[in-house]
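Enquirer: Test case, fold it:
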Amino acid sequence: MAYVHKFDLNRAGRDFVVGDIHGHYTELMQALKAVAFDTGKDRLFSVGDLVDRGTENEKVINLIDIGWFFPACGNHDDYAIRYHRIGRMDEDNYRLNGGGWFIDKDADDRESLVTRLERLPMAIEVATANGRIGIVHADVPCRNWNDLENYFVSKSHRQRAMWSRDRFERQDVTRVAGVDHVIVGHNCHPTVMTLGNVHHIDTGGWLPGEYNGYFTLLEISKPGLL
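Expert: A predicted model of the protein is given here:
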């Protein structure tokens, strides 16, 4: 399987990218309703972290089998995969970070869920009216987007794509070459933050209500939006 999945221009409808979902299916559906999302012609891309922290994790995973939803792999999705496949992990830490729902399932149920999570690519590329849009969970582990497929052969580079906070913490505005825009999640922020040509869109739709988080649905197919 290719590490980077590529999508042609959507000539029938709109394309959106959503930030980290973390098992909050109902809130995601409400956000889609608010933009009149049309499942017959619109597409929803995801920066990953479909699971943990929320209570509707399986419902979110089930979206993988629907033809309009296309997620990249986040660190929490990878955590579930590694917990089931490898097992040598800090269970207390995983529970602390929202993985209790998965730990407590029997092996057959975990296998069914992991089989679908393993289909997620490390990155996504979409052709749009705004040019080539790259989608990855945390950050691009190389200077040029076009080098990603080769870089992802390395486990350390895959881990960096899912876990790195360097760009966000340093407020690094260096542009990623070879692509017009990059959309990421992983780092929660009250509003969308743009650093160079990298747009951080995890605005905390998964947070408890008192934090006033919300799901950002970035319409990447709208000309001039970015």
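
Enquirer: Quick one: the strands in the chain, in order.
Expert: If DSSP state E is used as the criterion, the strands of the chain fall at 4-7, 15-18, 43-46, 69-71, 123-128, 131-136, 181-184, 193-195, 198-200, 217-219.

Enquirer: and the last one, which strands flank it?
Expert: When sheet partners are counted by DSSP bridges, strand 217-219 sits next to strand 15-18 (antiparallel).

Enquirer: Run the chain-centre distance for the partner strand.
Expert: 10 Å (CA atoms, centre = their mean, to the nearest Å).

Enquirer: What of stretch 35-53?
Expert: So, by CA atoms, centre = their mean, the centroid of stretch 35-53 is 10 Å from its chain's centroid.

Enquirer: which residues touch the helix or strand of the chain with the lowest mean pLDDT?
Expert: Lowest by mean pLDDT, DSSP states H and E among the helices and strands of the chain is helix 91-96, with a mean of 92. Contacts to helix 91-96, defined as CB atoms under 8 Å, 6 or more residues apart in numbering, come from residues 79, 83, 100, 102-103. In this view, the C-beta of every residue, glycine as well, is placed from N, C-alpha and C.

Enquirer: Also stretch 97-104?
Expert: By CB under 8 Å, 6+ apart, the list of residues contacting stretch 97-104 from outside reads 22-23, 51-55, 57, 76, 79-80, 83-84, 91, 94-95, 110, 113.

Enquirer: what does stretch 200-217 give?
Expert: Looking at what lies outside stretch 200-217 - CB under 8 Å, 6+ apart - the contacts are 16-24, 27-28, 31-32, 35, 37, 44, 47, 53-54, 168, 183-194, 218.

Enquirer: can you rerun that using 6 Å?
Expert: Outside stretch 200-217, the residues that touch it by CB atoms under 6 Å, 6 or more residues apart in numbering are 16, 18-20, 22, 24, 27, 31, 35, 53-54, 183-185, 187-189, 192-193, 218.

Enquirer: Just the buried residues of the residues you listed.
Expert: By neighbour count, with 16 or more other CB atoms under 10 Å, these hold 16, 18-20, 22, 24, 27, 31, 53-54, 183-185, 187-188, 193, 218 as buried.

Enquirer: where along this protein do the helices fall?
Expert: Secondary structure of the chain (DSSP state H): helices located at 25-34, 57-62, 75-85, 91-96, 100-103, 107-117, 148-151, 155-163, 166-170.

Enquirer: most neighbours per residue, which of these?
Expert: Highest mean neighbour count among the helices of the chain (mean count of other CB atoms under 10 Å): helix 75-85, with a mean of 20.

Enquirer: gap between that helix and the chain center?
Expert: 14 Å.

Enquirer: same question for it, mean pLDDT?
Expert: Taken as a whole, helix 75-85 has a mean pLDDT of 96.

Enquirer: Which other helices and strands does that helix contact?
Expert: helix 107-117, helix 155-163 (3 or more CB pairs under 6 Å, 6 or more residues apart in numbering; DSSP states H and E).

Enquirer: among the helices of the chain, where is the model least confident on average?
Expert: Among these, helix 91-96 scores lowest, with a mean of 92.

Enquirer: quick check, distance from that helix to the centre of its chain.
Expert: 21 Å.

Enquirer: how close does Lys59 sit to Tyr25?
Expert: Per CB to CB, to the nearest Å, Lys59 is found 4 Å from Tyr25.
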